[in-house]
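A.B. asks: sequence first, then the predicted structure, then my questions.
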Amino acid sequence: MKLFFTFVLLAALVSSANATVHTVTAQNTPTHFLPVTVNAVVGDTIRWT
């Protein structure tokens, strides 16, 4: 049983190691963002500038 939980924990750590930081820039108007769409997944960070 301990081996199973160790494997699950290891798999969770490895899968979260692929996190990405996405930068979204707000232009002159509040409704204009670059890029227009971001495909973020759980664990990613979105940085607003």
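C.D. replies: Ah, there it is.
A.B. asks: verify the stated contact: Val21 with Gly43.
C.D. replies: No - taking C-beta atoms under 8 Å as the definition, Val21 is not a contact partner of Gly43, at 10.8 Å. Any C-beta I mention is one placed from the backbone N, CA and C, and that applies to glycine too.
A.B. asks: in this protein, which spans are strands?
C.D. replies: Applying DSSP state E to the chain gives strands spanning 21-26, 33-34, 45-48.
A.B. asks: what distance separates the start and the end of stretch 24-34?
C.D. replies: 6 Å (C-alpha to C-alpha, to the nearest Å).
A.B. asks: again with stretch 23-36
C.D. replies: From its first residue to its last, stretch 23-36 covers 11 Å (C-alpha to C-alpha).
A.B. asks: that stretch: which residues count as buried?
C.D. replies: For stretch 23-36, the neighbour count (16 or more other C-beta atoms under 10 Å) marks no residue as buried.
A.B. asks: name the surrounding residues that touch it.
C.D. replies: Residues from elsewhere that reach stretch 23-36, judged by C-beta atoms under 8 Å, 6 or more residues apart in numbering: Val38, Ile46, Arg47, Trp48, Thr49.
A.B. asks: now with 6 Å?
C.D. replies: Stretch 23-36 is contacted from outside by Arg47, Trp48, Thr49, using C-beta atoms under 6 Å, 6 or more residues apart in numbering.
A.B. asks: now the helices for this structure?
C.D. replies: Ranges of helices in the chain, per DSSP state H, are 2-16.
A.B. asks: spatially central residue for the protein, please.
C.D. replies: Among the residues of the chain, the one closest to the centroid is Asp44, at 0.9 Å (C-alpha atoms, centre = their mean).
A.B. asks: how close does the residue lying closest to that residue once chain neighbours are set aside sit to Val8?
C.D. replies: In space, Asp44 comes closest to Thr20 once its chain neighbours are excluded; the distance is 5.0 Å by C-beta to C-beta, 6 or more residues apart in numbering. According to C-beta to C-beta, to the nearest Å, Thr20 and Val8 sit 23 Å apart.
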